[in-house]
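[1] Just the structure for this:
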Amino acid sequence: MTSSNDARTAAAPYQSTGSLRGRTILMSGGSRGIGLAIALRAAQDGANIALLAKTGQPHARLAGTVHTAAGEIERAGGQALPLVGDVRSDEDVANAVAAAVERFGGIDIVLNNASAIDLSNTDQIDMKRYDLMQDINVRGTFLLSKLALPALRQSTQGHILTLSPPLNLDPKWAGRHLAYTMAKYGMSLTTLGLAEELKADSIHVNSLWPCTLIDTAAIRNMPGGEAMVHAARGPQIMADAAHAILTGTNLAAGGAPTGNFYTDEQVLTAAGVTDFRPYSLGAAEEQLVPDIFL
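    Next up, the predicted model:
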């Protein structure tokens, strides 16, 4: 009997040439959405995944907790360490790094997935929401990366992968949603800086961003979100792209291993994918909603 996970894997257009077996990923967030999809794809290889996420108990509006995510990871073939904590807390992040090292013997990959979104313009943005985006997106990414550096230096395959957009100083991106753009670009600046800073340590640092809208709880909870996701792709495309980056599958055609601001389509095209239709939730390719930064 074929499971739904097996069926999805068989139908996927992405075929990896590498594996994450035995490698340890420390991820911020990951209870649901893109983060969980990335974790499940890594788990199929037999990876170890430590999840630092706030949702320890069921949420009225959000499906899944860090514990249910851990159960899915283990059923998919990986080892899971659920850690209830806040990426904004120095203590929680330090404890997560220590716990991952104690449980799995080290950390090979840091995946900065946790992020907050608010597309309000400057007149409308609530400063609590502004602070939340700065604290989670920018500070959280910097903090988790920083505190994991000693462990990453001990790995022979150290990698920091952040879900943030390519840096683009075209004024239209800042003009559309300044507060959110600053927060996401702060994550991307962390990629830019750390890639240069860590060259001598052989730690690769990259960012990944979708070309189209991705179906997530954050999008569905936005005004009009339920209608929007009908013209979106599922999170599996980001999971496959992250897997290709972390295994080096996308480098078959050449290119630098660090300091890149990848898009999902760019990575998967380099990995041999020619048909992206299986990732869609039903809309034709020309009807898909482009991502807000592309």
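[2] Give me the longest helix you can find in this structure.
    Criterion DSSP state H: the longest helix present in the chain is helix 178-197.
[3] phi, psi of the residue nearest the centre of the chain?
    A centroid search over the chain (CA atoms, centre = their mean) returns Asn113, at 3.9 Å, as the residue closest to the centre. Per-residue torsions, Asn113: phi -110, psi -30 (degrees, to the nearest 10).
[4] For it, give its distance to Tyr130.
    Asn113 sits at a distance of 21 Å from Tyr130 (criterion: CB to CB, to the nearest Å). In short, each C-beta sits where N, CA and C put it, glycine included.
[5] Kindly report the same for Ala217.
    Distance of Ala217 to Tyr130, computed by CB to CB: 21 Å.
[6] So those two - more neighbours on which side?
    Between Ala217 and Tyr130, counted using other CB atoms under 10 Å, the more crowded position is Tyr130 (19 against 16).
[7] name the helices or strands packed onto the strand or helix carrying that one?
    Using DSSP states H and E, Tyr130 sits within helix 127-133. Counting contacts by 3 or more CB pairs under 8 Å, 6 or more residues apart in numbering; DSSP states H and E, helix 127-133 is packed against helix 178-197.
[8] outside of the helix it packs on, which residues touch it?
    112, 115-122, 125, 129-130, 133-134, 137-138, 141-142, 145, 160, 162-167, 173-174, 203-207, 258-259, 261, 293 (CB atoms under 8 Å, 6 or more residues apart in numbering).
[9] before we move on, which element is Leu52 in?
    Secondary-structure assignment from DSSP H and E places Leu52 in strand 48-53.
[10] ok, residues contacting the helix or strand just after that strand?
    Next in sequence after strand 48-53, counting helices and strands by DSSP H and E, comes helix 66-76. For helix 66-76, contacts defined as CB under 8 Å, 6+ apart pick out 5, 30-32, 36, 39-40, 43-44, 49, 51, 53, 55-56, 79-84.
[11] Thr24 touches Gly105, doesn't it?
    Yes: if you go by CB atoms under 8 Å, Thr24 and Gly105 touch, sitting 7.5 Å apart.
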